[in-house]
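S.K.: Have a look at this prediction, sequence included:
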Amino acid sequence: VNMRQMRVQSLRPLVEPLKIAGYKRRVAGFETTVTLSDETATAALGARIARGLEPGDAVLLKGELGAGKTTLARAILRALGVEGHVPSPTFTLVQAYQAQELPVFHYDLYRIENPRELSELGIDDAMEDGVVLVEWPERGFPQRLATDALTVTLTQGGADTREAHIAGPARWERFISGAA
C-alpha cells in the first residue's frame, strides 16, 4: 500500500453519502445526533440552530407525525425573538414572521399534492432575504435548494426522548456543538 492509497482509504469515512438525512448523492459536511430528553433540550437545540441562521438558509424538519417538528420550529422562532402565538402552518401552508434580524418563513408541505403548488408558496423569494423552516420537505421541497440546507430528522428515542439526527454544511458544526 503506497501513501496515496493510504490517504484515500483514510478519507473514505468522511465522504460516505449520508443516508439518514435523505442525501443520497450528496456528501454532507457535518452530521451528528442529539438526544432531546424534554422541551428544554428542544429549546436549547432551537437556540443553537437560530444562532447559525443567515439569509438564504433552509432548515428542513423531517419526522413522523408527532415527532416534534413544529415544536422545534417554534423553539427556533422563539430564539430569534418571535413573540406571541406561533401556529402550525399545516392548513395555511406558510406562516411569515419578522424576527429581530431577518424574516423567517415557516412552511408545512404535508398537504402538498402536486410539486407545482410549491411555486405559489414563494420559497425561492423567501430565501432571497430570509430563512425558511420547512416541515415535510420530502413532499416537494426543491432538491436544488436542499443541498445546502440543514436537515433535522426527528425520531422517537426511548420512552420519553427523541433523537435529532442533524446533517448539513460543515459551518453548522460549531453552532450545533455549542461552540458558537
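M.R.: Received it, and whenever you're ready, just let me know what you need.
S.K.: quick one: strands adjacent to the helix or strand where residue 35 lies?
M.R.: Element membership for residue 35, per DSSP states H and E: strand 30-36. Its sheet considered, strand 30-36 pairs with strand 162-168 (antiparallel) by DSSP bridges.
S.K.: Show me which residues of whichever helix or strand comes after the partner strand are buried.
M.R.: Downstream of strand 162-168, the first helix or strand assigned by DSSP H and E is helix 173-176. Under the neighbour-count criterion of 16 or more other C-beta atoms under 10 Å, helix 173-176 has 173, 175-176 buried. Placement of C-beta: from N, CA and C, glycine included.
S.K.: one step back: could I get the CA-only coordinates of the strand holding residue 35 as CSV?
M.R.: The C-alpha coordinates for strand 30-36 follow below in CSV (Å, rounded to 0.1, in the frame of the first residue of the first chain):
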residue,chain,number,x,y,z
PHE,A,30,-21.5,17.8,9.2
GLU,A,31,-23.6,15.1,10.9
THR,A,32,-24.5,14.4,14.5
THR,A,33,-27.2,13.0,16.7
VAL,A,34,-28.6,14.9,19.7
THR,A,35,-30.9,13.3,22.3
LEU,A,36,-33.8,15.6,23.2
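S.K.: quick one: contacts of that strand?
M.R.: 18, 20-21, 41-42, 45, 68, 154, 157, 161-173, 176-177 (C-beta atoms under 8 Å, 6 or more residues apart in numbering).
S.K.: go on, stretch 140-158?
M.R.: With C-beta under 8 Å, 6+ apart, stretch 140-158 has contacts from 20-23, 26, 35-36, 49, 52, 57-64, 67-69, 72, 109, 112, 115, 117-118, 123-124, 127, 134, 137, 162-169, 172.
S.K.: Weed out the non-buried ones from those residues.
M.R.: 20-23, 36, 49, 52, 57-63, 67-69, 72, 109, 112, 118, 123, 127, 134, 137, 162-168, 172.
S.K.: got the angle between the longest helix seen in the chain and strand 30-36?
M.R.: Longest helix in the chain by number of residues (criterion: DSSP state H): helix 39-52. Computed by axes from the mean of the first three to the mean of the last three C-alpha atoms, to 10 degrees, the angle separating helix 39-52 from strand 30-36 equals 150 degrees.
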